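In: Sharing a model prediction with you, sequence too.
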Amino acid sequence: MGKRRSSDKVQDVGVQDNAAVEEAAAEPKKKKMKEDKKISKKVEEGTAAPSASTSVSYMEKKKKKKALDKERHRAALENQEQKPKSTTAEKGPSEIVAPVISSKSSDLPEFHISVFKDLASAEASVRDASVESLVKELQEVQKAYDRLEKKELVTGGPKLEAEKDDGLNDCAPSLRYAIRRLIRGVSSSRECARQGFALGLALLVDTIPCIKVDAILKLSVDLLEVSSSMKGQEVKDCLLGRLFVYGALSRTGRLVKELLADNSTPYIKEYTSTLISLSAKKRYLQEPAVCILLELVEKLPSESVLTHVLGAPGMAELFQGAAESGNPDALLLALKIQEKTGSSKPTLGKLLPNPFSPSKFFSSDNLSFLANCFKESTFCQPRVHSVWPVIVNILLPEVVVQEEDATAVSSSLKKHKKGRKSSPSEEETTKNLRSFCEVVIEGSLLLSSHDRKHLALDIVLLLLPRLPASLVQIVLSYKVVQCLMDALSTKNSWLYKVAQHFLKELSSWVANDDVRRVAVIVSFQKHSNGKFDIITQTKTVKNLVTDFQTESGSMLFIQSLTNMFVDDGPASEEPSDQSQTTDDNSEIASVEDKDSSAGNSDFLKSWVVESIPSVLKKLNLESDSKFRVQKEVLKFLAVQGLFTFSLGNEITSFELQEKFRWPKSATSSSLCRMCIEQLQSLLATAQKGEGQDASVNTVERNDLGAYFIGFLSTLRNIPSVSLFRNLSEEDEKAFKDLQEMEIRLYREERNSELRSYAQKLHSVRYLLIQLLLQVLLQPEEFVEAASELLICCKKVFSPPDLLESPSGEDDDSSGEGAPKLMDVLVDTLLSLLPQSSAPMRSAIEQVFKNFCSDVTDDGLQRMLRVIKKDLKPARHQDVEDVDDDDDDNEDLLGIEEEEEADETETGDTAESDGLTDDSEAATGFEPNGEGGDSDGSEDSDEGMDDDAMFRMDKYLAQIFKERKSQGGIETAHSQLVLFKLRKPQVLNVYSNLARAFVNPSTAEGSEQLSQRIWGILQKKIFKAKDYPKGQSIQLSSLESLLEKNLRWASKPFKRKSTNNQSKQQSASRHKMIVSLAQNSTYWILKIIDARNYSETELQKVFDIFRTVVTEYLDRKKSQIKSEFLKEIFRRRPWIGRELFGYILEKCGSSKSEFRRVESLDLISEILRQMFPSGLREQNQDSKKFLKSHIQKLSHLVGALVTDMPKKKSRRSDVRKFCGKLFQELSSANLTKSFLKDLGPDAQAACECQLGNLFINLKKAEA
């Protein structure tokens, strides 16, 4: 009654003050009464029946009452807006004003409620302007309200719920209304309503002191209360609304002001308790609630945090058991409070060690205890939980990172520097990081779900900005790199894009820092055995290696890879990948010639050998800087490829003032050969670069060849250092003579004043160096070539010291009948060309270039004769037919089996007799009166295995050695034959010829050469009666060749040129390459078939064909022909039998209609091989085979008839296939099983699409 009287009293005063307001309020009251009557009438109708009087529950009544309140409030607002509209009709358009809430006292300014409309705008500027207008108006209203003496006489127009006890008694009615509306607004999910209304609430509370904190806390609970009738989204909106209210209150600074005003204020504890209680309601509220609380913690003094925050109700329960249950938010709060206060209170439970220190926190035991907290932090993915940046900040202080990076950069140019003594803080950081990575990343996250693996990679990205380069290998550990490779190798994996993003961020991190780049490269390759790019099918490491642009970065890279080569680390568990070639032009015929006993360690070392020289490819430096880098590369290749140390694995050269190291285990011969080949390429590249420099004065300073010879001489003078292989007396003599001659020529070049003469000396010097290295690569093959070249050097360069033989012997070959000097030089160079490497041919080219003006007519004829014989099909003037010429070539490969069997028993006499006959055959003569086109010569090499052909290689080498010693004009021809026969192993010959054929430069250089290679491959290898059968042939090599040939056979034709003639030529060449790949596949399968491998050994072959079939059916880019696959199945039925079930599965699920229909021919071909004509009833094994696949056949037929092709021709092919299949099933008595597995729906489709074919099948079964 008291409240009613008070209300009436206020109303009476309002009537006296403003009669217009009463008139305006009369109409909504009438409407309100009408609506109340309607609602009460509905309620009465719903409860009229006596039997249903008790059915209306309390909650339903409450709902209806709440709806009634809303309708009343809406009607009041509409009436408030209608009055200004009615008055504006009388006024002009310019006098129209916005809806307002006015007080019944003329002393209070008006408050325009339209400002709330823009608070939900998506534009931040619009929201800010609306909030400013809101706060400004309400400040004016409150100031005017404060000046009133009789505040109890003032009330808002539409009641505004101000009469409730909400703790806002000192606030103006408009302000009380605005606060309530703002609190309700933060629960709206419309656009940016939560942000706008929370901002308005925060500014109001911060700028108007009369708004009490406890009132906001109370209203947030009352107005956003969650009832049991609310659904999921409504509950979420209310909870998030309360969270935004608490966030706004935290940012106002009012709590801090209350604390400063009264140190014992209860508001902070109440606020903290309420916020923690809210966070416990839903999982998604925990982290934002903790972050809001931390905002308050940052503003409070340390003592107040311990008293008011940690002492709040519910805090002890939050920390108790947080580690066991896995609560990362509690851990985050504990870490931040510890950082703020500097102490670990018992209230924090067991989350933090007491006393706290980074070393104790990152101990293995403590991290294992907190493992559940780390795992559960994946809840907020794809965002990283806020606890991780805090942990990273403790783990890697930024000051230490800057110091370590500065030290790494300053020491990058220093070689063989002893490990810098680390400070205690650095050692502790390293220990903590290692423990963190082992326990958390590797032990907890990487061993769990994909989400946690994603989190592990995100944590590594968080570590990167603070990570010193020296600690990269700890973070990019073996398990992290393996996880990355697994994700990148499977494109369908959920983690594939995550791993791609990781690599992108990692590349950005190392972009301008060579120290980081080196550390990442070493980690990737060390933990993948040098196969990171191969496994992931990316060019990550390759791009990182080629991006070095500074001398210091290149030096650091070489030094790091040298250490990796020398330090024998544990090999990875991954199997070695034998297909590391990425060049398309060399894929088809690459034969692995590495030692099979060399494991993953050798694979990694081979990558090191290939990668160190590659740093020079895109390195754009000044000549002096680049020369220093070249010297470092040369020293690595020379030390590891040429020498061994017998007294350990480390030696110091006082002359060079350097320390050299070797691996503890002996370097394999294949790695040594690789080092020498890379050394040759390095010298050839350096020679070309030096040739572009017109200055002669820089020869001494930047001559890499001279530096190499000096380096070689210095190491050879060390007693305990020796060459990696023992040389024969002849090779040793040639090696020393070449070395001495190079030194003499270098001295002459340095003293020369004529540039042309100096260039001749320079080119010959590099040829001598290349020949010296070739002697190490191929012992006993270049002794005579070296001797002849040394003689030419003595004759060409005439200073007295060069006229003396390097070996001290006199040269008596200058008689009257001796050939001219340039002819001998030309003949020697021509003899070197066929059996030399690419760098050596480049050196020979430079010699020809500098001596071309001195070549005689005879020398020119010799050169033309070799070119003519190399390109034209007719090789002998007395043979006109091409087939006869091929027969002659067969004669060159022929050795009587009797001579092979008696080779060990016969002496030099018998050997010489055989040599004479064969040498005559080689030069075109026909002994015993037999012509070159005899039948015996064509098949003379039948029955020879690889060992016999190898012995034949030595046999022919002796022939040409004797022929060469005779001199004469036949030397060029003999060397040409030697070029053809220097590798009689058929696989190697095939490999080299196929590689040359697919090389684009072959087609660009000469069409004749391509045709000649094509003819040799077809006639001498593919159509030869004999083929490799020796046990020395590795199945892995055949598998590699098979895979690459099938890849070439399926490659599409790329139209690059716009010229029609070029298009035709490219298309023709593409057809030839595809034909070569197909014939090669038939030939390789023939070799495999002859070896009688078991099914277990042939699994890799079957996997290769499964991949081909998958790409054929699923990828449009695969252009492999179905006729080619049919021919394979026809020739090798065991392949079709193994793939039959797989083809049935893939055919039924193929996305391409054309490929699905086309693949039916493959199935028909396999069935044709299983059921030969006339033997269907007798072949029981084939029946069993067909019965085992009857379910897959039923599924395939069902898929075909359900999704029938649209084209008429393809539908005809489907019917034809089904007809043949039904015949096979009937003959094998499998119709019943087939119909049973087909199913009723598929049978109905068969009757509809196949008609009589299927009906007859069912009748036959019936």
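Out: Cool, the structure landed. Numbers count the residues shown, from 1 in each chain.

In: in the stretch 201-350 of the chain, which spans are helices?
Out: Along the stretch 201-350 of the chain, counting by DSSP state H, counting those that start in this stretch, helices occupy 213-223, 232-252, 254-261, 267-279, 286-299, 302-304, 315-319, 322-325, 328-341.

In: Would you reformat the ones you listed as JSON lines and include distance to Arg516, mean pLDDT and mean neighbour count?
Out: For the C-beta atoms, the positions are set from N, CA and C on the backbone; glycine is no exception. Below are the helices of the stretch 201-350 of the chain laid out as JSON lines (distance: least, CB to CB, whole Å; pLDDT from 0 to 100; neighbours: other CB atoms under 10 Å):
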{"stretch": "helix 213-223", "distance to Arg516": "50", "mean pLDDT": "88", "mean neighbour count": "19"}
{"stretch": "helix 232-252", "distance to Arg516": "39", "mean pLDDT": "90", "mean neighbour count": "20"}
{"stretch": "helix 254-261", "distance to Arg516": "43", "mean pLDDT": "87", "mean neighbour count": "16"}
{"stretch": "helix 267-279", "distance to Arg516": "40", "mean pLDDT": "91", "mean neighbour count": "21"}
{"stretch": "helix 286-299", "distance to Arg516": "32", "mean pLDDT": "91", "mean neighbour count": "20"}
{"stretch": "helix 302-304", "distance to Arg516": "38", "mean pLDDT": "88", "mean neighbour count": "15"}
{"stretch": "helix 315-319", "distance to Arg516": "39", "mean pLDDT": "86", "mean neighbour count": "19"}
{"stretch": "helix 322-325", "distance to Arg516": "35", "mean pLDDT": "87", "mean neighbour count": "16"}
{"stretch": "helix 328-341", "distance to Arg516": "28", "mean pLDDT": "90", "mean neighbour count": "23"}
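
In: can you redo those helices as JSON lines with distance to Lys1187?
Out: Shown next, in JSON lines, are those (distance: least, CB to CB, whole Å):
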{"stretch": "helix 213-223", "distance to Lys1187": "74"}
{"stretch": "helix 232-252", "distance to Lys1187": "55"}
{"stretch": "helix 254-261", "distance to Lys1187": "81"}
{"stretch": "helix 267-279", "distance to Lys1187": "65"}
{"stretch": "helix 286-299", "distance to Lys1187": "61"}
{"stretch": "helix 302-304", "distance to Lys1187": "82"}
{"stretch": "helix 315-319", "distance to Lys1187": "67"}
{"stretch": "helix 322-325", "distance to Lys1187": "57"}
{"stretch": "helix 328-341", "distance to Lys1187": "58"}
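
In: which one of those helices lies closest to Thr667?
Out: helix 328-341 (50.7 Å; CB to CB).

In: what helices or strands is the closest one leaning on?
Out: Helix 328-341 makes packing contacts with helix 286-299, helix 315-319, helix 322-325, helix 371-376, helix 387-395 when contacts are defined by 3 or more CB pairs under 8 Å, 6 or more residues apart in numbering; DSSP states H and E.

In: Met644: how many residues sit nearby?
Out: Actually, residue 644 is Thr rather than Met. 17 (other CB atoms under 10 Å).

In: can you check Lys626 too?
Out: Lys626 has 18 neighbouring residues, counting by other CB under 10 Å.

In: Would you confirm that it belongs to a helix?
Out: Yes. Counting by DSSP: H, G, I helix; E, B strand; the rest coil, one finds Lys626 located in a helix.

In: thought it was touching Lys617?
Out: No. If you go by CB atoms under 8 Å, Lys626 and Lys617 don't touch, sitting 11.7 Å apart.

In: element containing Gln770, please.
Out: Taking DSSP states H and E as the definition, Gln770 sits inside helix 755-777.

In: Okay, the nearest residue to Val566 once chain neighbours are set aside and Lys635: tell me how far apart.
Out: Sequence neighbours aside, Arg661 is the residue nearest to Val566 in space, at 4.6 Å (criterion: CB to CB, 6 or more residues apart in numbering). For Arg661, the distance to Lys635 equals 12 Å [CB to CB, to the nearest Å].

In: how does this protein divide up, domain by domain?
Out: Following the TED database, one finds the domains of the chain at 113-338, 357-398+426-529, 1170-1261.

In: Save the ones you listed as JSON lines, and put in distance to Val826 too.
Out: Shown next, in JSON lines, are the domains of the chain (distance: least, CB to CB, whole Å):
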{"stretch": "domain 113-338", "distance to Val826": "80"}
{"stretch": "domain 357-398+426-529", "distance to Val826": "46"}
{"stretch": "domain 1170-1261", "distance to Val826": "64"}
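
In: Please name whichever of these is nearest to Arg1047.
Out: Closest to Arg1047 of these is domain 357-398+426-529 (CB to CB; 17.9 Å).

In: Tell me the span between the first and last residue of that closest one.
Out: 38 Å (CA to CA, to the nearest Å).

In: what about that domain, distance to the chain center?
Out: 17 Å (CA atoms, centre = their mean, to the nearest Å).

In: Also stretch 1228-1240?
Out: 48 Å.

In: Mind listing what's buried along it?
Out: Ala1228, Leu1230, Thr1231, Ser1233, Phe1234, Leu1235, Asp1237, Leu1238 (16 or more other CB atoms under 10 Å).

In: Return the distance of the nearest residue to Phe1185 once chain neighbours are set aside relative to Gln1180.
Out: Spatially, and ignoring its direct neighbours in sequence, Phe1185 is nearest to Met1170 (6.1 Å; CB to CB, 6+ apart). According to CB to CB, Met1170 stands 12 Å off from Gln1180.

In: what packs against the one helix or strand Asp737 maps to?
Out: Taking DSSP H and E as the criterion, Asp737 maps to helix 729-751. Helix 729-751 makes packing contacts with helix 704-716, helix 755-777, helix 783-796, helix 800-803 when contacts are defined by 3+ CB pairs under 8 Å, 6+ apart.

In: Make JSON lines from those helices and add mean neighbour count, distance to Ser728 and mean pLDDT to it.
Out: Putting the helices and strands packed on helix 729-751 into JSON lines (neighbours: other CB atoms under 10 Å; distance: least, CB to CB, whole Å; pLDDT from 0 to 100) gives the following:
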{"stretch": "helix 704-716", "mean neighbour count": "19", "distance to Ser728": "17", "mean pLDDT": "90"}
{"stretch": "helix 755-777", "mean neighbour count": "22", "distance to Ser728": "10", "mean pLDDT": "89"}
{"stretch": "helix 783-796", "mean neighbour count": "20", "distance to Ser728": "8", "mean pLDDT": "85"}
{"stretch": "helix 800-803", "mean neighbour count": "11", "distance to Ser728": "26", "mean pLDDT": "44"}
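
In: now the strands for the stretch 501-650 of the chain?
Out: 643-645, 650-653 (DSSP state E, counting those that start in this stretch).

In: To Leu294, which of those strands lies closest?
Out: strand 650-653 (55.4 Å).

In: could you say what helices and strands that closest one packs with?
Out: Secondary elements touching strand 650-653 (3+ CB pairs under 8 Å, 6+ apart): strand 658-661.

In: Beyond the strand it packs on, next helix or strand please.
Out: Strand 658-661 is succeeded, C-terminally, by helix 669-691 (DSSP H and E).

In: Would you mark the buried spots in that following helix?
Out: So helix 669-691, judged by 16+ other CB under 10 Å, has buried residues 670-687, 689-690.

In: Which neighbouring elements make contact with it?
Out: Using 3+ CB pairs under 8 Å, 6+ apart: helix 669-691 touches helix 600-614, helix 623-642, helix 704-716, helix 755-777, helix 838-851.

In: Fine by me, thanks again.
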